[in-house]
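Undergrad: The sequence and its predicted three-dimensional model are supplied below.
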Amino acid sequence: MTLYRPPAPHPTGPVRGLIRAAWRGERDLLSLMPDIAYTTSIGRLGRSRRGIVLINEPDAVVQVLTDPLGVFPKNDLMVGALEGLVGQSMFVASGPPWRRQRRMIEPAFSLMRVNRSFEAMKAGIDAYEPILDDAAQSGDAISLDATMSALTADIICRTIFTQSLASQTARDVFAAFGQFERSVANTEIRRLLLGRPFAKIPQSAAVREACARIRNHLATLLKPRLAPDAAPIDDIVGAVIAARDADTGEGFSESELIDQIGVFFLAGHETTASVLTWCFFILAQRPDLAARLRAESENLADIRLEHTKQLGFTRNMFREAMRLYPPITFIPRVAEQDTEIAGHRLERGCMAMIAPWTIHRSPNNWPNADRFDPDRFEGEVTPGSYIPFGYGPRICVGAAFATIEATLILARLAQRYDFTPLNPDRVRPVARLTTKPAEEIAVRVTRRA
Ligand code: HEM
């Protein structure tokens, strides 16, 4: 059987790519990415005020992301874009401040604690199913993306704070995240091409307002937990509140706690939601894959934690969707001093562009690179060629959490529902804060017998 090519721009020469993008009014980085960006191992990308070196070669990817000499901190553009929302939290910090936070936060995401979160994940799905049943009964189209975002945001709230998102607050947080995402993405393309390295990045009023709304909401959720007479709760926030710096014995301040919780929200729900959106879209296009996925869990009336580890095809579906649609499209770093990678000079301020999008789609790294084939994960994977969760010391702390959560959601919802896209031909990916569909995917929901 020929392998399926899910939606993605067809790479072309740089000039044709620009003309195509201008003609169709596309402005996102994915449709501008020339064919050479996929086939090169390592090379300069386009013309920009600061140099941008794209790195697809797995050994060089490993070298930059492990960064043994401390030459490649987080990229200043990315830090500038996110710091209004998440301060100097672990996602944006580098060097000793990052190391301190990582040591304090990692235990909150230990496998034992993630395993304990499993029941809260299930409760989130149970609470969401009536909404899907209503949509199935009414026959009204719903947005697949918004469905996945609402479900994963509720799960992150339940697992982090041990409480569900009240609907009005949830709507407000979603609206603010959406506003933040749209405005930040626009600023970034302009600055990527024209900005000076390490320049201060002013944010628009819309971004500042969205950040303030989200932070206020998080502060309200946190307040009762910090009250002097608050009973300790054994959840992720509880673990982060209790965390102490091994050297000073001090915990996080209230504002640092808001920074970190902002990161858990930001990094922990849209990422999983975007990959689930692609999974359900692909399952609707490929009934053969849907049948295999369902067959794996059809005899499980109640999916338990140990089952999620045995659902091999379901996990491979998730892995393959993250290969072709890595939620974090780019993991940029900046050269803090003149340096060299695989024989290429990078002057101070040059951007080392580690792009899961091109690394995962490079024909040098993957056979049939643009085809969807979950079974490829039955084989070995070369280190540095598959990095949806990053690599090295800064690898995602939520990787185990996200894998268990996504496997559970995929298995549970595929057992019970069909999501049929109304306009599958219009679906195409763009790079915003996550790799997501350019337009929301409208679907009709059917409850399965
Ligand atoms: C499918 C879901 C997810 C994907 C694809 C993903 C991807 C990533 C990637 C690529 C990085 C590394 C960024 C870099 O090196 O610049 C990262 C870091 C991080 N992620 Fe995730 N993530 C996911 C889910 C989560 C969840 C559920 C949480 C927490 C609730 C989370 C929290 C974090 C944090 C705190 C960091 C910063 C780690 C550090 O810098 O030391 N992520 N994530």
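TA: That came through fine.
Undergrad: all contacts plus neighbour counts: C-alpha atoms, from now on.
TA: Noted.
Undergrad: which parts of the stretch 51-200 of the chain sit against the ligand?
TA: Within the stretch 51-200 of the chain, the residues that sit near the ligand (CA under 6 Å from any ligand atom) are 90-91, 102.
Undergrad: rerun that using 8 Å as the cut-off
TA: Counting by CA under 8 Å from any ligand atom, the stretch 51-200 of the chain comes close to the ligand at 65, 74, 90-93, 98-99, 102, 109, 156, 160.
Undergrad: got a winner among these for most neighbours?
TA: Using other CA atoms under 10 Å as the neighbour test, those are led by I156, with 26 neighbours.
Undergrad: Could you report the pLDDT at it?
TA: With respect to pLDDT, I156 scores 91.
Undergrad: Same check on the one 4 residues further on?
TA: Note on I160: pLDDT of 88.
Undergrad: likewise D245?
TA: At D245, pLDDT is 95.
Undergrad: contacting residues for the closest residue to Y391 other than its chain neighbours?
TA: Of all residues not flanking Y391 in the chain, L65 sits nearest, at 6.0 Å (CA to CA, 6 or more residues apart in numbering). For L65, the contact set (CA atoms under 8 Å, 6 or more residues apart in numbering) comprises 72, 390-394.
Undergrad: Dump these to CSV, plus pLDDT.
TA: Shown next, in CSV, are the contacts of L65 (pLDDT from 0 to 100):
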residue, pLDDT
F72, 96
G390, 98
Y391, 98
G392, 96
P393, 96
R394, 96
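Undergrad: Please pick the buried ones from those residues.
TA: Using 16 or more other CA atoms under 10 Å as the burial test, the contacts of L65 include 72, 390-392, 394 as buried.
Undergrad: Pull up the gap between G398 and A355, please.
TA: Distance, G398 to A355, using CA to CA, to the nearest Å: 20 Å.
Undergrad: circling back: so which of the residues of the stretch 51-200 of the chain next to the ligand comes closest to R447?
TA: Of all those, I156 has the smallest distance to R447: 25.5 Å, by CA to CA.
Undergrad: Do I have it right that the closest one meets A267?
TA: No: using CA atoms under 8 Å as the test, I156 is too far from A267 to be in contact (10.2 Å).
Undergrad: Next one: whichever residue of the stretch 151-300 of the chain sits closest to the ligand relative to A290, how far apart?
TA: Residue of the stretch 151-300 of the chain nearest the ligand, by CA to the nearest ligand atom: G268 (3.4 Å). G268 sits 26 Å away from A290, taking CA to CA as the criterion.
Undergrad: Between the two, tell me which one has more neighbours.
TA: Taking other CA under 10 Å, G268 and A290 do not tie; G268 has more neighbours (23 against 20).
Undergrad: And the strand or helix carrying that one, what does it pack against?
TA: In this assignment (DSSP states H and E), G268 forms part of helix 254-285. In this structure, helix 254-285 makes packing contacts with helix 76-86, helix 144-161, helix 205-226, helix 236-242, helix 287-297, helix 312-324, helix 399-416, strand 417-421, judged by 3 or more CA pairs under 8 Å, 6 or more residues apart in numbering; DSSP states H and E.
Undergrad: how about the residue nearest to P326 when sequence neighbours are not counted, secondary structure?
TA: Excluding the flanking residues, the one nearest P326 by CA to CA, 6+ apart is P388, at 5.4 Å. Three-state assignment for P388 (DSSP: H, G, I helix; E, B strand; the rest coil): coil.
Undergrad: The residue nearest to Y391 falls within a strand, correct?
TA: No: the assignment for L65, made by three-state DSSP, is helix rather than a strand.
Undergrad: The residue nearest to D259 when sequence neighbours are not counted and the ligand, how far apart?
TA: In this structure, D259 finds its nearest non-sequential neighbour in V86, 4.3 Å apart by CA to CA, 6+ apart. According to CA to the nearest ligand atom, to the nearest Å, V86 and the ligand sit 11 Å apart.
Undergrad: mind showing which ranges of the stretch 301-449 of the chain have poor pLDDT?
TA: Filtered on pLDDT under 70, the stretch 301-449 of the chain yields no residues whatsoever.
Undergrad: Show me what from it comes close to the ligand.
TA: 322, 326-328, 330-333, 387-391, 393-399, 401-403, 406.
Undergrad: Filter those residues down to the buried ones.
TA: Using 16+ other CA under 10 Å as the burial test, those include 322, 326-328, 330-333, 387-391, 394, 396-399, 401-403, 406 as buried.
Undergrad: Show the contacting residues for the closest residue to the ligand within the stretch 101-250 of the chain.
TA: Taking CA to the nearest ligand atom as the measure, the stretch 101-250 of the chain has R102 as its residue closest to the ligand, at 5.6 Å. Residues near R102 by CA under 8 Å, 6+ apart: M90.
Undergrad: list the contacts for the spatially most central residue of the chain?
TA: Taking CA atoms, centre = their mean, the centroid of the chain lies closest to T271, which sits 2.8 Å from it. Residues near T271 by CA under 8 Å, 6+ apart: 327-328, 434.
Undergrad: Sitting in strands, which of the residues you listed do you find?
TA: Assigned to strands by DSSP state E, none of the contacts of T271 qualify.
Undergrad: tell me which of those is nearest to A295?
TA: A295 has its nearest neighbour among the contacts of T271 in P327, at 26.9 Å by CA to CA.
Undergrad: wait, isn't the closest one in contact with V430?
TA: No: if you go by CA under 8 Å, P327 and V430 don't touch, sitting 10.6 Å apart.
Undergrad: Show residues contacting the strand or helix carrying R444.
TA: R444 belongs to strand 442-447 when assigned by DSSP H and E. When contacts are defined by CA under 8 Å, 6+ apart, strand 442-447 is touched by residues 132-133, 135-136, 139-144, 416-423.
Undergrad: What segments of the stretch 51-200 of the chain are helices?
TA: Here the stretch 51-200 of the chain has its helices, by DSSP state H, counting those that start in this stretch, at 58-66, 76-86, 95-105, 111-116, 118-138, 144-161, 167-194.
Undergrad: which one of the ones you listed is the most hemmed in?
TA: Each of the helices of the stretch 51-200 of the chain was scored by mean neighbour count; the highest is helix 144-161, a mean of 23, by mean count of other CA atoms under 10 Å.
Undergrad: packing partners for it?
TA: Contact partners of helix 144-161 among helices and strands, from 3+ CA pairs under 8 Å, 6+ apart: helix 118-138, helix 236-242, helix 254-285.
Undergrad: I'm done for today, thanks for sticking with me.
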